[in-house]
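Asks: Okay, here's the prediction I keep looking at, along with the sequence it came from:
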Amino acid sequence: MSRIPGPNIFSGMFALRDISKNPLKGMTDLVRNHGDLVRVRTGKKPILVVNDPTNAKNVLSDDSIYVRTNPPPLRKFLSGSLLLSRGEDWEQRKRSDGEAFTEIISEKALKDLVESADYAIERFGSTENDGGRPEILEEFRKIMFRMTSEAFLRTRFTESETETIINDIGRIEDITERWSTRLVKPSKRTLRQERKETHEIKKRHDSIILPKVASRIHEVNKEDNLISILQKKNKKDGNPLPPQDICGVLGNLIAGERASSIVMTWILHCLSLNPRVQLEARKEINRTTSGKPIEEKHLKDLEFLDHVVEETLRLYPPTWKIFRATNQETRLQNHLVPPGTLIMISPYLLHRNPRYWSHPDDFYPERFSSQDARDTDSGAYMPFGFGPRACLGKNMAFQQLKIITSLVVQKYDIKEESEEEIKPSPGFYLNPDSNPCISLEPVRTEKGDHIEHDGSVQ
Ligand code: HEM
């Protein structure tokens, strides 16, 4: 049984310092210097960084040994959601929540998503034209929230409710992130304050969401909203799911939507820097729609657009780190791993591992249409995780990203105006480190313009 490679005590201290200063660079250097299975000491317990697809898949496939660690603020805020459940409860919920999430992505919901996104994007485009520069990420947070609540929950939130929910979830992310990365133990006072704040946020969140749940919960015969579908599918001890648990699912949904808004921002950023890709995507859209407005029936034929979203998720996976902890002694590759070991798998590192991706830092959506991508180990690409605990909202998120991207690309030329390079900033999610300065200029198509077979406008 050999020892897992990693920096020695002294160089380990430097590695840790580098990781806490600049996590992406620090982690990239760590795996470059020590290989794809590395041990780093943090205080008493080591962390294992797993950066090869096979080991990553093995860890994520067995949730009876490698258990998801959920920091207390998240446990409080998302109580009742699938993310936090375990064992039999999780098995049953994964099935029934999964069915509910599949059922809700109906043709009607897609149609509503297109309409709702269309409205929001018109507004988004005109904000820029009015001379004000929209905070893109903030705008997308609102757009996603509105799309989701209208198409899936059949519910409208007021502007102030929307803002409260969005800001509160942002705070929970910040508090959770501080919890997960604590290298220094916080003071009792800080812990008390954070506990109190989390409690207040949860109370405020429930006071907005619970009445909406209550107003939908008895519409069991309506098939058009997630709340009643969840209610119908899920039974806890033979009884319908309590409203508090439905609140947890919706909290999870809203939190997932925040990841999608970040991806949307990265998509526009990548497209703005790659006019060639933008043009290809626009051609595909015009070819598919014959230059008419996009409808839900067109979405399945927009394959290149799929690759644009996939490639953005490869370069900028919002969930850039996934943690597990061993609950017993186990064997990983040729090494014995003691119980209580923290394991980190980073989709960001895997997706840029040069052993599995050629020119890993380049934005090249075509790689997903080639045989190469199909031959790439499935563990080298996991923006939505892997194994039994992989993302439940994957299809929903993917469809939303595709809808918004297609509408923006069809209508606007996306231009980057910022002088400075936008870099990923790792926190709870992988955010851009500053607001991308993107301008949307309406694509000029005049009456009488003709759509050629290749989708170009003549
Ligand atoms: C682009 C957007 C999203 C990304 C990149 C993403 C990514 C992920 C990842 C990587 C995991 C696995 C975490 C782990 O293994 O510890 C996960 C789990 C999960 N995600 Fe998402 N997610 C997104 C959007 C959503 C949305 C919209 C929902 C809606 C409800 C959602 C619901 C969930 C749930 C419930 C789980 C836990 C599943 C389980 O434990 O069985 N996600 N997500």
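Replies: Yes, it's here.

Asks: what's the closest non-adjacent residue to the residue of the stretch 151-300 of the chain at minimum distance from the ligand?
Replies: Evaluated by C-beta to the nearest ligand atom, the stretch 151-300 of the chain has Gly256 as its residue closest to the ligand, separated by 2.2 Å. (Glycine included, C-beta is placed from N, CA and C.) For Gly256, the nearest residue in space outside its immediate sequence neighbours is Gly393; the separation is 4.4 Å by C-beta to C-beta, 6 or more residues apart in numbering.

Asks: For the one you found, give me its contacts.
Replies: Phe101, Asn252, Leu253, Gly256 (C-beta atoms under 8 Å, 6 or more residues apart in numbering).

Asks: What of Lys402?
Replies: Applying C-beta under 8 Å, 6+ apart, we find Lys402 in contact with Leu299, Leu302, Leu305, Asp306, Val309.

Asks: since we're on the first one, how many residues are nearby?
Replies: Look at Leu299: counted by other C-beta atoms under 10 Å, it has 18 neighbours.

Asks: where does it fall, phi/psi-wise?
Replies: Reported as degrees, to the nearest 10, the phi and psi values for Leu299 are phi -60, psi -40.

Asks: Could you say which helix or strand holds the nearest residue to it once chain neighbours are set aside?
Replies: Setting aside the residues directly before and after it, Leu299 is nearest to Lys402 in space (C-beta to C-beta, 6+ apart), at 6.1 Å. Using DSSP states H and E, the secondary-structure element containing Lys402 is helix 394-411.

Asks: Of the contacts of Lys402, which pair is most distant in space?
Replies: Leu299 and Val309 (11.5 Å; C-beta to C-beta).

Asks: Just the closest of the contacts of Lys402 to the ligand, please.
Replies: Ranked by distance to the ligand (C-beta to the nearest ligand atom), the contacts of Lys402 are led by Val309 at 9.0 Å.

Asks: How much space separates the closest one from Trp266?
Replies: The gap separating Val309 from Trp266 is 10 Å, by C-beta to C-beta, to the nearest Å.

Asks: Same check on Glu416?
Replies: 12 Å.

Asks: neighbour-wise, which of those two wins?
Replies: Between Glu416 and Trp266, Trp266 has the larger neighbour count (other C-beta under 10 Å), namely 25 against 18.

Asks: Name the nearest residue to the more buried one, sequence neighbours excluded.
Replies: Setting aside the residues directly before and after it, Trp266 is nearest to Tyr316 in space (C-beta to C-beta, 6+ apart), at 4.2 Å.

Asks: go on, Asn51?
Replies: Closest residue to Asn51 in three dimensions, ignoring its sequence neighbours and counting by C-beta to C-beta, 6+ apart: Asp36, at 4.2 Å.

Asks: Quick one: low-confidence residue ranges for this structure.
Replies: Counting by pLDDT under 70, the low-confidence segments of the chain come to 1-2, 9-10, 42-44, 125-134, 181-185, 218-223, 235-238, 445-458.

Asks: Looking at it, which helix is longest?
Replies: When the chain is parsed with DSSP state H, its longest helix is helix 243-273.

Asks: Pick out the residue of the stretch 351-458 of the chain closest to the ligand.
Replies: Among residues of the stretch 351-458 of the chain, the one nearest the ligand by C-beta to the nearest ligand atom turns out to be Gly393. It sits 2.1 Å away.

Asks: Ramachandran coordinates for that residue?
Replies: With angles defined as degrees, to the nearest 10, Gly393 shows backbone torsions of phi -90, psi 10.

Asks: any idea how far Tyr356 is from the residue nearest the centre of the chain?
Replies: Here the mean C-alpha position of the chain is nearest to the C-alpha of Ala259 (C-alpha atoms, centre = their mean), at a distance of 3.5 Å. Using C-beta to C-beta, one gets 23 Å for the distance from Ala259 to Tyr356.

Asks: cool, Asp52 as well?
Replies: From Asp52 to Tyr356 the distance is 9 Å (C-beta to C-beta).

Asks: who's more crowded, these two?
Replies: Each of Asp52 and Tyr356 has its neighbours counted (other C-beta under 10 Å); Asp52 has more, 21 against 17.

Asks: wouldn't the more buried one be in contact with Val31 here?
Replies: No: Asp52 is beyond contact range of Val31, at 9.2 Å (criterion: C-beta atoms under 8 Å).

Asks: any residues in contact with both of the two?
Replies: When contacts are counted by C-beta under 8 Å, 6+ apart, the set common to Asp52 and Val31 consists of Asn353.

Asks: Provide the count of other residues in contact range of the residue lying closest to Pro432 once chain neighbours are set aside.
Replies: Leaving aside its sequence neighbours, Pro432 sits nearest to Ile422 (C-beta to C-beta, 6+ apart; 4.9 Å). Taking other C-beta under 10 Å as the neighbour definition, Ile422 ends up with a count of 19.

Asks: contacting residues around Ile422?
Replies: Counting by C-beta under 8 Å, 6+ apart, the residues that Ile422 touches are His269, Pro432, Asp433, Ser434, Pro436.

Asks: Wait, a helix at it?
Replies: No: with the criterion set as DSSP: H, G, I helix; E, B strand; the rest coil, the secondary structure at Ile422 is coil rather than a helix.

Asks: hang on, the earlier thing: was I right about the residue of the stretch 151-300 of the chain closest to the ligand contacting Ala397?
Replies: Yes: taking C-beta under 8 Å as the contact criterion, Gly256 and Ala397 are neighbours in contact, 6.3 Å apart.

Asks: and those two? which has more neighbours close in?
Replies: Neighbour totals were compared for Gly256 and Ala397, and Ala397 leads with 24 against 20 (other C-beta under 10 Å).

Asks: Please name the nearest non-neighbouring residue to that one.
Replies: Here the nearest residue to Ala397 in space, its sequence neighbours aside, is Ser260; by C-beta to C-beta, 6+ apart that works out to 4.8 Å.

Asks: still on that earlier bit, tell me, how many residues neighbour the residue nearest to Trp266?
Replies: A count of nearby residues for Tyr316, using other C-beta under 10 Å, gives 25.

Asks: Kindly report the residues of this protein close to the ligand.
Replies: Listed as neighbours of the ligand in the chain under the rule C-beta under 6 Å from any ligand atom: 68, 82-83, 94, 252-253, 256-257, 259-260, 263, 318-319, 322, 383-385, 389-393, 396-397.

Asks: Please indicate which of these are buried?
Replies: 82-83, 94, 252-253, 256-257, 259-260, 263, 318-319, 322, 383-385, 389, 391-393, 396-397 (16 or more other C-beta atoms under 10 Å).

Asks: about what we covered before: distance check, the residue nearest to Leu299 against Val309.
Replies: According to C-beta to C-beta, Lys402 and Val309 sit 6 Å apart.

Asks: ditto for Leu60
Replies: Counting by C-beta to C-beta, the separation of Leu60 from Val309 is 22 Å.

Asks: Repeat that for Asn8.
Replies: Per C-beta to C-beta, Asn8 is found 42 Å from Val309.

Asks: go on, Gln399?
Replies: Note on Gln399: its distance to Val309, by C-beta to C-beta, is 10 Å.

Asks: if you count what's nearby, which of the two comes out ahead?
Replies: Here Gln399 and Val309 are compared on neighbour count by other C-beta under 10 Å; more neighbours surround Val309, at 25 against 19.

Asks: Okay then, goodbye and thanks.
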